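> I need the structure of the sequence given here:
(one chain, ligands or ions: 1)
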Amino acid sequence: MTGPDDLRDPDALIRRAKRGNPEFDQHFLVDDRVLDRLPSYLPESADRSHVLEIGGGTGALTDRLLAAAPDDGEVTVVERDPDLVAFLRQEFADAVDAGELTVVAGDALEVELPEFSASVSNLPYGASSEIAFDLLPRKRPLVLMFQQEFAERMVAEPGEDDYGRLSVSAQHYADVEIVEHVPADAFDPRPRVDSAVVRCTPRAPEYEVADEAFFLRFVKALFTQRRKTMRNAVRNTAHISGLADPDAVVDAAEESLMSRRAGTVSPAEFAELAALARQVDPGVERGG
Ligand SMILES: C[S@@+](CC[C@H](N)C(=O)[O-])C[C@H]1O[C@@H](n2cnc3c(N)ncnc32)[C@H](O)[C@@H]1O
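Take a look at the predicted model:
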């Protein structure tokens with residue numbers, strides 16, 4: 001493994017790789033301090049034996065993940081750009097030969113991901129939501145860089161402007177917190193927006209959900225009508241939630257809940273309503 005003093009210079013990696021195409025979501029982190037901190041944001045108890053990195057780029061973060069890996073630890077990096085895949089395999093040939101690093105070529109949403117123990121990734125912005133919601137259900141500690149606005153929606157609480165479907169869905173799987181705000185000039189080429197690093201520590205939610213797919217679909221549906229009362233939102237979105245008899249759900253639910261708007265409803269309250277819906281609406285579409 002590489003020692004901390006031998007870490008690669010991110011600018012030199014970009015020069016050697018001759019890449020950096022914003023159209024391919026290639027904004028490489030060039031701030032050494034941020035790069036050095038990223039692996040340390042994993043929860044202390046995290047198993048670091050197999051760290052997954054989505055979107056390896058020119059390998060600046062890969063280098064830090066290899067340096068932070070325990071003896072016998074391994075890193076897998078997934079990269080879609082074939083030129084960068086070739087570059088990573090050449091640049092990190094020693095680690096690849098030693099079995100410490102595997103470079104997987106392909107789209108992270110299409111390739112089969114390995115059984116990783118944790119992930120630290122500076123995600124491609126264009127696919128960050130899909131990738132995050134592919135990783136979250138796997139219940140592993142995650143440290144992920146997102147566009148700041150997206151990160152703020154993930155961590156928002158009921159009653160806050162940013163609270164929505166994204167907050168409920170992410171917090172269903174994990175405790176999520178922003179651990180660092182990262183300005184656009186930490187990247188090359190510079191993106192148009194600032195970023196933030198989110199730590200996701202998996203845990204069971206504090207409520208019971210019998211049909212996870214229905215719960216998530218119901219929440220998605222209700223937030224499409226976030227300016228309406230819950231009563232109207234339940235009635236107007238049956239085509240999305242899969243309710244067969246939305247009126248039965250409205251009639252059975254607490255009047256006080258039906259008068260509120262989705263943005264004030266807690267995840268536990270959504271879960272309770274979803275359970276009630278399955279009880280009073282036998283025709284509800286199950287699963288996903
Ligand atoms: C924001 S850059 C991060 C690069 C590097 N890890 C860093 O921190 O500098 C995202 C990387 O993901 C790659 N990428 C984009 N879409 C991808 C996808 N669907 N699957 C895998 N890699 C992808 C891009 O080619 C780019 O190298």
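> Residue ranges in the chain under the pLDDT threshold?
Applying pLDDT under 70 to the chain flags the ranges 1-5, 20, 23.
> residue ranges for the strands of the stretch 101-250 of the chain, please.
Ranges of strands in the stretch 101-250 of the chain, per DSSP state E, counting those that start in this stretch, are 101-105, 118-122, 142-147, 174-182, 187-188, 195-202.
> and the third one, which strands flank it?
Sheet neighbours of strand 142-147, with direction, are listed as strand 118-122 (parallel), strand 195-202 (antiparallel) (DSSP bridges).
> could you check whether that strand is close to the ligand?
No: counting by CB under 6 Å from any ligand atom, no contacts exist between strand 142-147 and the ligand, the nearest distance being 7.3 Å. C-beta: built from backbone N, CA, C; applies to glycine.
> Would you mind putting the strands of the stretch 101-250 of the chain into JSON lines with distance to residue 257 alongside?
Shown next, in JSON lines, are the strands of the stretch 101-250 of the chain (distance: least, CB to CB, whole Å):
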{"stretch": "strand 101-105", "distance to residue 257": "46"}
{"stretch": "strand 118-122", "distance to residue 257": "37"}
{"stretch": "strand 142-147", "distance to residue 257": "31"}
{"stretch": "strand 174-182", "distance to residue 257": "25"}
{"stretch": "strand 187-188", "distance to residue 257": "44"}
{"stretch": "strand 195-202", "distance to residue 257": "28"}
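> In CSV, list those along with mean neighbour count.
Below are the strands of the stretch 101-250 of the chain laid out as CSV (neighbours: other CB atoms under 10 Å):
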stretch, mean neighbour count
strand 101-105, 20
strand 118-122, 25
strand 142-147, 24
strand 174-182, 17
strand 187-188, 20
strand 195-202, 22
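> mind listing what's buried in stretch 65-80?
Residues of stretch 65-80 classed as buried: 65-69, 73-80 (neighbour count, 16 or more other CB atoms under 10 Å).
> let me fix that: stretch 146-156
For stretch 146-156, burial by neighbour count (16+ other CB under 10 Å) applies to 146-148, 150-156.
> again, but for stretch 248-255
For stretch 248-255, burial by neighbour count (16+ other CB under 10 Å) applies to 248-250, 253.
> residues making contact with it?
230-231, 234-235, 243, 258, 273, 276-277, 279-281 (CB atoms under 8 Å, 6 or more residues apart in numbering).
> For ChimeraX, what selects the buried ones among the residues you listed?
Buried members of these, defined by 16+ other CB under 10 Å, are picked up in ChimeraX with:
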select :230,231,234,235,243,258,273,276,277,280,281
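> so of the contacts of stretch 248-255, which ones are in helices?
Among those, the ones falling in helices (DSSP state H) are 230-231, 234-235, 258, 273, 276-277, 279-280.
> what is the orientation angle of the helix or strand harbouring residue 62 with strand 118-122?
Using DSSP states H and E, residue 62 falls within helix 60-68. On the basis of axes from the mean of the first three to the mean of the last three CA atoms, to 10 degrees, helix 60-68 is oriented at 150 degrees to strand 118-122.
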